[in-house]
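**Q** heads up, no residue letters with this:
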């Protein structure tokens with residue numbers, strides 16, 4: 001009888017363990033890491049437990065260097081990865097913000113460590129706007145389309161493309177494959193930097209197709225749960241059967257493709273990290289009262305979004321956006337700044353109105369890397385302007401880059 005109970009208990013433990021391993025594998029963790037996690041499962045808290053434990057902790061507490069919390073009648077102390085100087089600086093920027101909501105997430109692309117999470121939501125005060133608010137990704141999705149064109153179809157920054165009409169519209173006639181005296185010739189780099197909608201709409205229809213767009217979007221974590229110590233809303237993607245709808249998605253000219261600030265930051269982190277997305281984390285460790293460690297940050301690659309060559313080409317496109325494209329105004333004069341001049345900076349902007357035109361969504365994702373130390377920072381920012389336009393998302397990113405590298409390289 002004892003033998004039967006032992007066998008049954010072993011069976012239950014095995015089932016639970018392999019369920020845990022399967023769930024972990026969905027996030028892109030290797031078998032070797034799964035085995036290591038299996039050995040630690042009795043002494044280390046999985047992230048899903050932390051998500052429950054942090055449920056009632058304020059956003060202000062979560063971004064401190066250390067904070068205490070109780071779970072199941074036991075007391076714990078968490079140590080975060082948050083850079084307190086950068087966090088305090090970004091928080092201060094929002095004190096006089098006139099927008100409806102905004103968020104910025106700063107992450108180290110090499111390790112996945114979160115350096116800062118700041119923002120506000122006037123409609124839902126005290127919410128974790130960095131991971132709980134989905135906003136239209138707008139032209140940020142052009143990163144996905146450009147990546148697919150270069151990785152799956154071997155286009156390059158200097159590849160010639162053509163469009164008719166205005167740059168920022170997307171009419172059906174602009175998607176026709178025709179050339180006339182009104183046709184404009186551009187390179188992929190110029191189309192990306194200046195966010196030319198018809199070019200990317202045509203890439204979606206004629207080059208990538210529905211399956212290509214879906215493949216690249218999922219590589220960049222759309223429709224994918226993002227493992228994190230806080231709940232993160234999944235970024236949705238919807239492509240209808242109409243070719244025009246495919247063009248809308250490929251160019252970012254739609255409101256159904258949505259994203260969180262954390263997800264924004266991870267996209268640029270992948271570009272800065274040779275195409276690899278590291279699993280994000282804002283908790284270094286958790287210690288139970290009495291000294292026993294029950295959670296420790298693990299640095300592991302979540303997914304390879306693109307190969308290293310494509311990442312380098314995307315890096316070039318994003319640098320061009322800052323130098324001569326839609327982010328040029330926000331970064332004007334950065335080459336003369338004593339801190340920013342030492343950095344390689346790239347990014348992508350996105351802008352679109354809400355369905356009811358109440359809000360003007362303004363997004364920026366980008367990276368900055370030090371030519372001196374090799375250290376990098378990736379950011380994801382969005383602002384929902386209401387009425388009068390306040391500080392733009394690219395300006396928040398510029399300030400974050402400058403403050404971060406001022407701190408770490410002083």
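**A** Okay, I see it. Computed from a predicted model, the values in this text were never measured in an experiment. Residues are numbered from 1 along each chain as shown.

**Q** residue contacts, residue 54?
**A** Residue 54 is in contact with 62, 69, 229-230, counting by CB atoms under 8 Å, 6 or more residues apart in numbering. Any C-beta I mention is one placed from the backbone N, CA and C, and that applies to glycine too.

**Q** can we see that at 10 Å?
**A** 61-62, 67, 69, 71, 78, 128, 229-231, 283 (CB atoms under 10 Å, 6 or more residues apart in numbering).

**Q** What subset of the residues you listed is buried?
**A** Among the contacts of residue 54, those that count as buried by neighbour count (16 or more other CB atoms under 10 Å) are 62, 67, 69, 71, 78, 128, 229-230, 283.

**Q** Sort out for me which of those are in helices.
**A** Secondary structure from DSSP state H places residue 62 of these in helices.

**Q** and of the buried ones among the contacts of residue 54, the nearest to residue 395?
**A** residue 128 (23.1 Å; CB to CB).

**Q** any idea how far residue 121 is from the closest one?
**A** 9 Å (CB to CB, to the nearest Å).

**Q** if I look at the two, which residues touch both of them?
**A** With CB under 10 Å, 6+ apart as the test, residue 128 and residue 121 both reach 59, 103.

**Q** Can you show me the strands along the stretch 101-250 of the chain?
**A** 101-107, 114-121, 135-136, 160-163, 184-187 (DSSP state E, counting those that start in this stretch).

**Q** Would you indicate which residues of the last one are buried?
**A** By that I understand strand 184-187. For strand 184-187, by 16+ other CB under 10 Å, it's 184, 186-187.

**Q** Format the residues you listed as a markdown table; extra columns: pLDDT and distance to residue 216.
**A** Shown next, in a markdown table, are these (pLDDT from 0 to 100; distance: CB to CB, whole Å):
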| residue | pLDDT | distance to residue 216 |
| --- | --- | --- |
| 184 | 97 | 26 |
| 186 | 98 | 21 |
| 187 | 98 | 20 |
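
**Q** What is the burial count for residue 304?
**A** 16 (other CB atoms under 10 Å).

**Q** Enumerate every residue touching residue 387.
**A** So residue 387 contacts 98-100, 358-360 (CB under 10 Å, 6+ apart).

**Q** returning to that earlier point: would you check which pair of the buried ones among the contacts of residue 54 lies furthest apart?
**A** 71 and 128 (18.0 Å).

**Q** Return a PyMOL selection command for the buried portion of the contacts of residue 387.
**A** Restricted to buried positions by 16+ other CB under 10 Å, the PyMOL selection for the contacts of residue 387 reads:
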select buried, resi 99+100+359+360
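
**Q** mind listing what's buried in stretch 163-182?
**A** 163-164, 170, 174-175.

**Q** ranges for the helices of the chain?
**A** Under DSSP H, the chain gives helices at 2-25, 31-40, 47-53, 59-62, 84-93, 129-132, 142-151, 188-193, 197-202, 209-219, 243-251, 261-272, 308-324, 393-408.

**Q** Export those helices as CSV, with columns for distance to residue 340 and mean pLDDT.
**A** Output for these, formatted as CSV (distance: least, CB to CB, whole Å; pLDDT from 0 to 100):
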stretch, distance to residue 340, mean pLDDT
helix 2-25, 39, 38
helix 31-40, 37, 37
helix 47-53, 35, 92
helix 59-62, 29, 95
helix 84-93, 15, 97
helix 129-132, 24, 96
helix 142-151, 22, 98
helix 188-193, 19, 98
helix 197-202, 29, 98
helix 209-219, 31, 97
helix 243-251, 30, 97
helix 261-272, 16, 98
helix 308-324, 10, 98
helix 393-408, 6, 97
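
**Q** Among these, which comes closest to residue 300?
**A** It's helix 31-40; of the helices of the chain, that one is closest to residue 300 (CB to CB) at 5.8 Å.

**Q** will you turn the contacts of residue 387 into JSON lines that also has distance to residue 301 and pLDDT?
**A** Putting the contacts of residue 387 into JSON lines (distance: CB to CB, whole Å; pLDDT from 0 to 100) gives the following:
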{"residue": "98", "distance to residue 301": "40", "pLDDT": "84"}
{"residue": "99", "distance to residue 301": "35", "pLDDT": "87"}
{"residue": "100", "distance to residue 301": "36", "pLDDT": "92"}
{"residue": "358", "distance to residue 301": "40", "pLDDT": "91"}
{"residue": "359", "distance to residue 301": "35", "pLDDT": "93"}
{"residue": "360", "distance to residue 301": "36", "pLDDT": "95"}
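
**Q** Show me the contacts of residue 387 that map onto strands.
**A** Applying DSSP state E to these, the entries found in strands are 359-360.
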